[in-house]
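Colleague: let's see this in three dimensions:
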Amino acid sequence: MQSDLVGSTIRSIRILEQIGEGGMGRVYVGQDEKLGRRVAVKAVRTDSRMGPVARERFLREARILSQLEHPNICRIYDFIETDEGDFIVLELVQGSSLLEAGRSGLSFAEKLDVAEQVAAALVAAHSLSVVHRDLKPDNIMLTPEGVVKVLDFGLARTGREPGPTRSEADDLPLPPSDRATLSQLGDVMGTPRYMSPEQARGEAVTAASDMYSFGLVLQELFTGRPAYDGDGLDPRELSQRAMWGETLPVEGVDREVAALVEQLKAIAPRERPSAVAAAERLHRVRERPRRRAIRVAALAVVASLVVGAVALGVGLVHARRSLAAAEEARAEAEAVNAFLRDMLGSAEPGDRGREVRVVDVLDQAAEAAEQQFADHPTRRGSILHTLGFTFDSLGQYARARELLRNAADIWQREVEPSDSRSLNTLEVLGNTERHLGNAAEAEALHRRVWEGRRDSLGPRDPLTIRSLVNAAGCVELQGRFSEAESMEREALAGFVEVLGPDHRETLFVRNNLAIALYRLGRLAEAEALHRENLALRERVLGPDHPQTISSVANLVPVLADQGRHEEALAFSRRELELRTRVQGEHHPSALIARGNMALVLSLLGRHAEAEVEARSALGELRPRLGEDHPFTLMVSGALAAAIADQGRLAEAEPLQREALARTERALGAGHPMTLQSVEYLSRILTAQGRLAEAEPLLRRLVESRREVLGPSHADTVRAEKELAELLVETKEERAARPGAEAHPAPRAAGSPAPRPSLTPTGGPR
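Modeller: Residues are numbered from 1 along each chain as shown. So this is what the prediction gives:
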């Protein structure tokens, strides 16, 4: 292809000037003398020219793309083939890219307008099964009139659905030269910073992939920052992050916009809103001020009625002091119930698209409560408590903590420390802190609740005993198993006396006691208690109850530690199936179950399967729970073990070192998960023949397990045996090289023999 096209004529188009250069070739401004209009001409590089099969596909797709008559899409006018090269003739768009416009500053309203226009372009394209594949700010132009134009649909591909657009060429094998050309034209084309996970992994690219890229574009548009931290990421690291959707959270922007972006960034393509749904939700955000004005007017009328009612009741309060507290409690309950009923009943899912989520409605309720009950702090506290509890139940732990802390602050100012409302909020907040991996904070909160209820209700009240159980669960999470066993036995005796042996609270504490026994290495006792509890829970609670599922899960490590791996895998699969059906496949509990199953698969030697399961779970746990959450760290260790078991020791080592550092920082040096990371790393080093580096890790492991578990515990004995074997091998190596430092040859990769980490399913509720 000629490099000096300026001044030449291609059919009826006179080339005026070069305006850009990209992966396919140079871009010029041309004057179409025949039609009297200026156009953009993209000259395909010589090495990008296509063979006959690829050209047939491209021409067919270009014909489809030429039908995209939409004001927000840069049109394709023609595809010209000459001896000098191939040329794509496009609409010439004047203006600035979204990247440039964003730097110059756009108002919130302008950003919404841009977002809606891009969504409209995607609606038009996806309706014809056209997928862009490279949506990014550089491919979005803003004209001086404020019109958005999405560029480079010429690199798009159509869906492969059977139908009239399909040609026989789709089924023909491509020569190597054509395969390379199609890659350049879009089969694997895209910008890593804006790629969907499936595109980065080389999987099928669909309309949902465009929606993921749209989410990243929106995040950058509204926050002013790219979705990935740092500009210095090398392409390999950026591609790795793209594969698993490891983007930054959306912060500091409108709540509804943030919720939409987070949904668009869902790892699973089917969970992302469609272009139509995204356009509807953006429209709703733009219309919100008008709707809010109507709502405020209505609330003003309601407020006037409330003021009248309160004034009427003032005389009664003074006249009947003995009934004041009861009346206030009744009024508060009625107000809270009415508010929640109105908010949840007016969610208008039809106005928000099919992808409306309950969390969006709850967020809206939290905002409204702050405004509507600004002068009624206790009512506001009750609503925030209820919403926080609901967010916790949905697995939205960070949002739950925020609301619950606000409620706790209100109770601290407004009521006595022993008030049941305050203690109830502290209890739920303790559960949330535990879910976030903050066991020490959770223990402190539950001990406060236990002491408050013991003083106000007495030591044998069921609520007091429940608080003791919650505190014991947090003690266990911190590795103090003997202390936890003592607390659990005290609680179990109390529940049996007060509630009976088959009550669900009794079953709960019996489950926790079995967990403590397992942690102490008393496997036969733990298995018998878990099996008894599972049978009782299935009868009392039903097979799909979350606590019944927990009993299924807790048998997995007990069986695995006794070498009954096939039985353990069967229970692990049963747990995953139940959690997926009851809680959804992307709930943190289901993801943790997938990580535990990876550990069992490793024990069975099915390491490739284990790696797939661990990667899948880790990719979703990291953005949901954070890098330092215990469950994220557990699955990260499972992934490192699976990789090491396949002999990829150099790849596994940095993953395990990172897991160890994070676990130690988050949970402490003596926590079982920290010690497990120490054990895994020592085995990886030993398998590489790096005995001198492995030795101090094994010594640390032995000392810690002696201190935490005792000298007779099975884990302690195993660690001592491994240290003894390593010392013998080190001595033999040194003896073989007298007078010289030992440099042992790498040993065959031995299985780190990962023991399934117990996912604590008891403890605080």
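Colleague: just the strands from this structure, written as ranges.
Modeller: 9-10, 13-21, 25-32, 37-44, 76-81, 86-91, 96-97, 130-131, 140-142, 148-150, 157-158 (DSSP state E).
Colleague: of these, which is nearest Asp544?
Modeller: Relative to Asp544, the nearest member of the strands of the chain by Cβ to Cβ is strand 130-131, separated by 38.8 Å. C-beta here means a position set from N, CA and C on the backbone, and glycine is covered the same way.
Colleague: returning to that earlier point: so which of the strands of the chain is nearest Ala266?
Modeller: Of all the strands of the chain, strand 130-131 comes closest under Cβ to Cβ, at 17.4 Å.
Colleague: so how far is Val114 from Met141?
Modeller: Met141 sits 11 Å away from Val114 when distances are taken as Cβ to Cβ, to the nearest Å.
Colleague: among the strands of the chain, which is nearest Ser572?
Modeller: strand 130-131 (37.2 Å).
Colleague: partner strands of the closest one and their direction?
Modeller: Strand 130-131 pairs in its sheet with strand 157-158 (antiparallel), by DSSP bridges.
Colleague: mind listing the helices for the stretch 551-700 of the chain?
Modeller: Using DSSP state H, counting those that start in this stretch, the helices of the stretch 551-700 of the chain run over 565-583, 588-603, 607-625, 630-645, 649-667, 672-687, 691-709.
Colleague: any idea which of the ones you listed is most buried?
Modeller: Highest mean neighbour count among the helices of the stretch 551-700 of the chain (mean count of other Cβ atoms under 10 Å): helix 630-645, with a mean of 28.
Colleague: where does the stretch 251-400 of the chain have low pLDDT?
Modeller: Flagging of the stretch 251-400 of the chain using pLDDT under 70 yields the residue ranges 289-362, 365, 369, 393-395.
Colleague: let's see it at 90
Modeller: 251-252, 255, 266-271, 276-277, 280, 283-400 (pLDDT under 90).
Colleague: same check on the stretch 101-250 of the chain?
Modeller: 101-107, 109, 123-134, 138-139, 143-146, 151-193, 197-206, 224-225, 228-249.
Colleague: ok, 50 please
Modeller: 154, 158-189 (pLDDT under 50).
Colleague: for the strands of the chain, which one sits closest to Ser551?
Modeller: Each of those has some distance to Ser551 by Cβ to Cβ; the shortest is strand 130-131, at 45.6 Å.
Colleague: so what's the gap between that closest one and the chain middle?
Modeller: What separates the centre of strand 130-131 from the centre of its chain is 27 Å, taken as Cα atoms, centre = their mean, to the nearest Å.
Colleague: I'd like the strands of the chain laid out as JSON lines, including mean neighbour count and distance to Arg454.
Modeller: Putting the strands of the chain into JSON lines (neighbours: other Cβ atoms under 10 Å; distance: least, Cβ to Cβ, whole Å) gives the following:
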{"stretch": "strand 9-10", "mean neighbour count": "16", "distance to Arg454": "88"}
{"stretch": "strand 13-21", "mean neighbour count": "15", "distance to Arg454": "74"}
{"stretch": "strand 25-32", "mean neighbour count": "20", "distance to Arg454": "76"}
{"stretch": "strand 37-44", "mean neighbour count": "20", "distance to Arg454": "77"}
{"stretch": "strand 76-81", "mean neighbour count": "18", "distance to Arg454": "75"}
{"stretch": "strand 86-91", "mean neighbour count": "21", "distance to Arg454": "76"}
{"stretch": "strand 96-97", "mean neighbour count": "16", "distance to Arg454": "65"}
{"stretch": "strand 130-131", "mean neighbour count": "24", "distance to Arg454": "62"}
{"stretch": "strand 140-142", "mean neighbour count": "23", "distance to Arg454": "62"}
{"stretch": "strand 148-150", "mean neighbour count": "23", "distance to Arg454": "64"}
{"stretch": "strand 157-158", "mean neighbour count": "20", "distance to Arg454": "67"}
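Colleague: Throw those strands into TSV and include distance to Ala493, thanks.
Modeller: Listed next are the strands of the chain as TSV, based on distance: least, Cβ to Cβ, whole Å:
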stretch	distance to Ala493
strand 9-10	91
strand 13-21	78
strand 25-32	80
strand 37-44	80
strand 76-81	78
strand 86-91	79
strand 96-97	71
strand 130-131	63
strand 140-142	67
strand 148-150	68
strand 157-158	67
